[in-house]
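[1] what's the 3D shape of this:
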Amino acid sequence: PVGRNAVDTPPEERQRIFEENWTGSFRWVFETFDDLLTNPEANRMASEFIVAKMKERVNDPEIAEILAPSFDDYPLFAKRPPLDHGYFEAYNR
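    Sure thing, here's the model as predicted:
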C-alpha cells in the first residue's frame, strides 16, 4: 500500500501522481493509490487517465476513439488493457 486514496486527493495532485508514476505498465495501478481496485469512483478516475494515455498513442483521433475501451461495460482491470506492448502504435503504421 502507498497510503493514499484517489478519492481523497485533490484533482491536481491526483493528476500529478498519476503522471509521475506512469510507466505504461500494469504495475501503475499498484504504485499510485490504494483504492483504484476497490472504489468505483477511484476506478473511474484511473480509467479516464489510462484512456487518455491510450488515445495519445494513436495519431488518428477517430481510430483512437474506436480502440479506447468503454469502462461503462467493465471496470478498469476487469480485463487487462493493452498498455505496453506496442498495440496502439501498430495502428499508426
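[2] what about the helices in this structure?
    The residue ranges that make up the helices of the chain, judged by DSSP state H, are 11-21, 28-31, 40-56, 61-67, 87-90.
[3] could you identify which of the ones you listed is most buried?
    Burial of these is given as mean neighbour count (mean count of other C-beta atoms under 10 Å); helix 40-56 ranks first at a mean of 17. Using the backbone N, CA and C atoms, a C-beta is placed for each residue, glycine as well.
[4] what are the contacting residues of it?
    5-7, 14-15, 18, 22, 24, 29, 32-33, 35-37, 61, 64-65, 67-69, 71, 75-77, 81, 83, 88 (C-beta atoms under 8 Å, 6 or more residues apart in numbering).
[5] how about the CA coordinates for it, as CSV?
    What follows is helix 40-56, C-alpha atoms only, in CSV (Å, rounded to 0.1, in the frame of the first residue of the first chain):
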residue,chain,number,x,y,z
PRO,A,40,-15.7,2.5,-8.2
GLU,A,41,-15.2,6.3,-8.2
ALA,A,42,-11.4,5.9,-7.9
ASN,A,43,-11.5,3.2,-10.6
ARG,A,44,-13.3,5.6,-12.9
MET,A,45,-10.6,8.3,-12.3
ALA,A,46,-7.9,5.8,-13.2
SER,A,47,-9.8,4.6,-16.2
GLU,A,48,-10.2,8.1,-17.6
PHE,A,49,-6.4,8.7,-17.2
ILE,A,50,-5.5,5.5,-18.9
VAL,A,51,-7.9,6.0,-21.8
ALA,A,52,-6.3,9.4,-22.3
LYS,A,53,-2.9,7.8,-22.4
MET,A,54,-4.1,5.2,-24.9
LYS,A,55,-5.6,7.9,-27.2
GLU,A,56,-2.3,9.8,-27.1
